[in-house]
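Undergrad: Requesting a structural model of the entry that follows:
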Amino acid sequence: MRYVFLPAIFVLVGCADSAPTSTDEHATHARVAGPLSSTPTLAGVSVPTHVFNTELRAEQEPNNASTSESKGHAQVKVLENGTLEFVLTINNKSDETFNRAHIHKAPAGVNGPIHWDFLEAGVPVASIGGQPATLRGVAVARAAAVLSDLLANPDQYYVNVHSPTFPGGAVRGQLR
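TA: Next up is the predicted model:
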(Lines give C-alpha, C1' and ligand atoms only; values in the text may rest on other atoms or scores of the structure.)
Protein backbone atom coordinates (compact mmCIF):
# COMPACT_ATOMS: atom_id res chain seq x y z
CA MET A 1 0.00 0.00 0.00
CA ARG A 2 2.89 2.41 0.60
CA TYR A 3 3.72 2.35 -3.14
CA VAL A 4 0.36 3.99 -3.90
CA PHE A 5 1.41 7.15 -2.06
CA LEU A 6 4.79 7.57 -3.80
CA PRO A 7 3.31 8.54 -7.22
CA ALA A 8 0.95 10.94 -5.45
CA ILE A 9 3.93 12.70 -3.85
CA PHE A 10 5.61 13.16 -7.25
CA VAL A 11 2.39 14.58 -8.68
CA LEU A 12 2.08 17.05 -5.80
CA VAL A 13 5.72 18.13 -6.12
CA GLY A 14 5.33 18.66 -9.87
CA CYS A 15 2.26 20.85 -9.32
CA ALA A 16 3.81 23.06 -6.66
CA ASP A 17 4.18 26.75 -7.41
CA SER A 18 7.66 27.90 -8.25
CA ALA A 19 9.62 29.88 -5.72
CA PRO A 20 8.97 33.63 -5.70
CA THR A 21 11.22 35.51 -8.08
CA SER A 22 12.23 38.08 -5.49
CA THR A 23 11.61 39.17 -1.96
CA ASP A 24 11.54 42.77 -3.19
CA GLU A 25 8.30 43.83 -4.83
CA HIS A 26 10.27 46.22 -7.07
CA ALA A 27 12.62 43.55 -8.38
CA THR A 28 12.35 44.43 -12.07
CA HIS A 29 12.88 47.52 -14.15
CA ALA A 30 9.62 47.80 -16.00
CA ARG A 31 7.36 44.93 -15.04
CA VAL A 32 7.41 41.46 -13.61
CA ALA A 33 7.61 38.99 -16.44
CA GLY A 34 5.85 35.69 -16.15
CA PRO A 35 7.61 32.37 -16.61
CA LEU A 36 9.61 32.33 -19.81
CA SER A 37 8.55 29.79 -22.39
CA SER A 38 10.30 29.07 -25.65
CA THR A 39 7.39 30.22 -27.85
CA PRO A 40 4.94 32.78 -26.47
CA THR A 41 1.58 33.27 -28.11
CA LEU A 42 -0.24 36.44 -29.03
CA ALA A 43 -3.99 35.96 -29.54
CA GLY A 44 -3.34 32.29 -30.23
CA VAL A 45 -0.72 32.94 -32.94
CA SER A 46 2.85 31.76 -32.38
CA VAL A 47 5.32 34.66 -32.21
CA PRO A 48 8.96 33.89 -33.13
CA THR A 49 11.49 34.60 -30.41
CA HIS A 50 15.19 34.26 -29.88
CA VAL A 51 16.34 32.75 -26.60
CA PHE A 52 19.91 33.04 -25.37
CA ASN A 53 21.33 31.35 -22.29
CA THR A 54 24.57 31.48 -20.38
CA GLU A 55 26.13 30.02 -17.28
CA LEU A 56 27.51 32.70 -14.97
CA ARG A 57 30.86 31.94 -13.34
CA ALA A 58 33.60 33.95 -11.63
CA GLU A 59 36.31 32.31 -13.73
CA GLN A 60 34.79 33.90 -16.84
CA GLU A 61 35.63 37.38 -15.55
CA PRO A 62 38.83 38.58 -17.30
CA ASN A 63 42.18 38.64 -15.48
CA ASN A 64 40.92 36.55 -12.54
CA ALA A 65 39.12 39.68 -11.31
CA SER A 66 36.61 37.67 -9.26
CA THR A 67 36.96 34.89 -6.75
CA SER A 68 33.23 34.76 -6.00
CA GLU A 69 31.95 31.29 -5.14
CA SER A 70 28.53 32.21 -6.54
CA LYS A 71 27.38 30.65 -9.81
CA GLY A 72 24.30 31.22 -11.86
CA HIS A 73 22.32 31.16 -15.06
CA ALA A 74 20.93 33.94 -17.25
CA GLN A 75 18.31 33.62 -19.95
CA VAL A 76 17.56 36.45 -22.35
CA LYS A 77 14.52 36.23 -24.58
CA VAL A 78 14.14 38.67 -27.47
CA LEU A 79 10.50 38.96 -28.44
CA GLU A 80 9.36 39.83 -31.96
CA ASN A 81 8.63 43.43 -30.89
CA GLY A 82 12.25 43.87 -29.71
CA THR A 83 11.53 43.56 -25.99
CA LEU A 84 14.28 41.78 -24.06
CA GLU A 85 12.94 39.71 -21.17
CA PHE A 86 15.47 38.21 -18.80
CA VAL A 87 15.80 35.87 -15.87
CA LEU A 88 18.89 35.75 -13.64
CA THR A 89 19.23 33.08 -10.98
CA ILE A 90 22.38 32.95 -8.89
CA ASN A 91 23.34 30.26 -6.41
CA ASN A 92 24.60 32.86 -3.98
CA LYS A 93 27.26 30.78 -2.18
CA SER A 94 29.24 33.90 -1.29
CA ASP A 95 26.16 35.56 0.29
CA GLU A 96 26.73 38.62 -1.88
CA THR A 97 24.45 41.54 -2.55
CA PHE A 98 24.30 42.09 -6.30
CA ASN A 99 23.87 45.73 -7.23
CA ARG A 100 24.33 45.82 -11.01
CA ALA A 101 23.67 43.41 -13.89
CA HIS A 102 23.93 44.05 -17.63
CA ILE A 103 24.50 42.78 -21.14
CA HIS A 104 27.85 44.03 -22.38
CA LYS A 105 29.37 43.75 -25.86
CA ALA A 106 32.77 42.05 -26.06
CA PRO A 107 34.17 38.61 -26.86
CA ALA A 108 35.10 36.15 -24.11
CA GLY A 109 38.00 37.34 -21.95
CA VAL A 110 37.54 41.03 -22.78
CA ASN A 111 35.54 43.73 -20.98
CA GLY A 112 33.17 45.83 -23.08
CA PRO A 113 30.57 48.58 -22.91
CA ILE A 114 27.10 48.09 -21.42
CA HIS A 115 24.27 47.81 -23.94
CA TRP A 116 21.29 46.70 -21.79
CA ASP A 117 20.64 47.05 -18.06
CA PHE A 118 18.99 44.38 -15.92
CA LEU A 119 19.77 45.83 -12.53
CA GLU A 120 21.02 49.33 -11.97
CA ALA A 121 20.86 51.31 -8.74
CA GLY A 122 17.62 53.25 -8.54
CA VAL A 123 15.98 51.86 -11.72
CA PRO A 124 13.92 51.00 -9.54
CA VAL A 125 15.85 48.19 -7.83
CA ALA A 126 18.97 48.95 -5.84
CA SER A 127 20.09 45.36 -5.25
CA ILE A 128 19.19 41.69 -4.98
CA GLY A 129 20.50 39.06 -2.63
CA GLY A 130 19.41 36.00 -0.77
CA GLN A 131 19.59 32.37 -1.71
CA PRO A 132 19.05 32.05 -4.55
CA ALA A 133 19.41 35.62 -5.79
CA THR A 134 16.81 35.90 -8.54
CA LEU A 135 15.76 38.72 -10.84
CA ARG A 136 13.41 38.72 -13.82
CA GLY A 137 12.02 41.52 -15.92
CA VAL A 138 12.53 43.61 -19.03
CA ALA A 139 15.98 44.90 -19.95
CA VAL A 140 16.47 48.64 -20.42
CA ALA A 141 18.39 49.55 -23.58
CA ARG A 142 21.21 52.07 -23.50
CA ALA A 143 22.11 54.30 -26.46
CA ALA A 144 24.74 51.81 -27.69
CA ALA A 145 22.25 48.92 -27.87
CA VAL A 146 21.75 47.50 -31.37
CA LEU A 147 19.29 44.63 -31.31
CA SER A 148 20.10 43.37 -34.81
CA ASP A 149 23.78 42.96 -33.85
CA LEU A 150 22.85 41.01 -30.70
CA LEU A 151 20.65 38.70 -32.76
CA ALA A 152 23.34 38.17 -35.41
CA ASN A 153 26.30 37.82 -33.00
CA PRO A 154 25.10 36.67 -29.56
CA ASP A 155 28.51 35.18 -28.72
CA GLN A 156 29.94 38.72 -28.86
CA TYR A 157 27.76 39.71 -25.88
CA TYR A 158 27.97 38.69 -22.25
CA VAL A 159 25.94 39.02 -19.09
CA ASN A 160 27.71 39.99 -15.94
CA VAL A 161 26.54 40.64 -12.43
CA HIS A 162 28.37 43.00 -10.08
CA SER A 163 28.58 43.20 -6.29
CA PRO A 164 30.27 45.64 -3.90
CA THR A 165 32.93 42.97 -3.29
CA PHE A 166 33.53 42.58 -7.05
CA PRO A 167 32.54 45.94 -8.61
CA GLY A 168 34.02 44.97 -12.00
CA GLY A 169 31.92 41.80 -12.06
CA ALA A 170 31.33 38.88 -9.72
CA VAL A 171 30.09 36.36 -12.32
CA ARG A 172 29.93 36.43 -16.11
CA GLY A 173 28.88 34.37 -19.11
CA GLN A 174 28.88 34.79 -22.91
CA LEU A 175 25.46 34.48 -24.52
CA ARG A 176 24.80 31.51 -26.77
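
Undergrad: so what pLDDT did D155 get?
TA: pLDDT, D155: 97.

Undergrad: ignore the last one, I128
TA: 80.

Undergrad: thought it was touching G137?
TA: No - the criterion here is CB atoms under 8 Å, and I128 misses it with G137 at 11.0 Å. Backbone N, C-alpha and C define where each C-beta goes, glycine included.

Undergrad: which of these two has more neighbours?
TA: Neighbours were counted for I128 and for G137 using other CB atoms under 10 Å; I128 has more, 26 against 23.

Undergrad: residues touching G173, list them.
TA: T54, E55, L56, R57, Q60, A74, Y158, V159, N160 (CB atoms under 8 Å, 6 or more residues apart in numbering).

Undergrad: Give me the pLDDT value at the last one.
TA: Okay, so that is N160. N160 is given a pLDDT of 95.

Undergrad: Report the beta-bridge partners for it.
TA: With DSSP bridges as the criterion, N160 is bridged to H102, R172.

Undergrad: Over to the first one?
TA: When bridges are taken as DSSP bridges, the partners of T54 come out as A74.

Undergrad: What about it, how many residues nearby?
TA: Here the number of neighbours of T54 (other CB under 10 Å) works out to 24.
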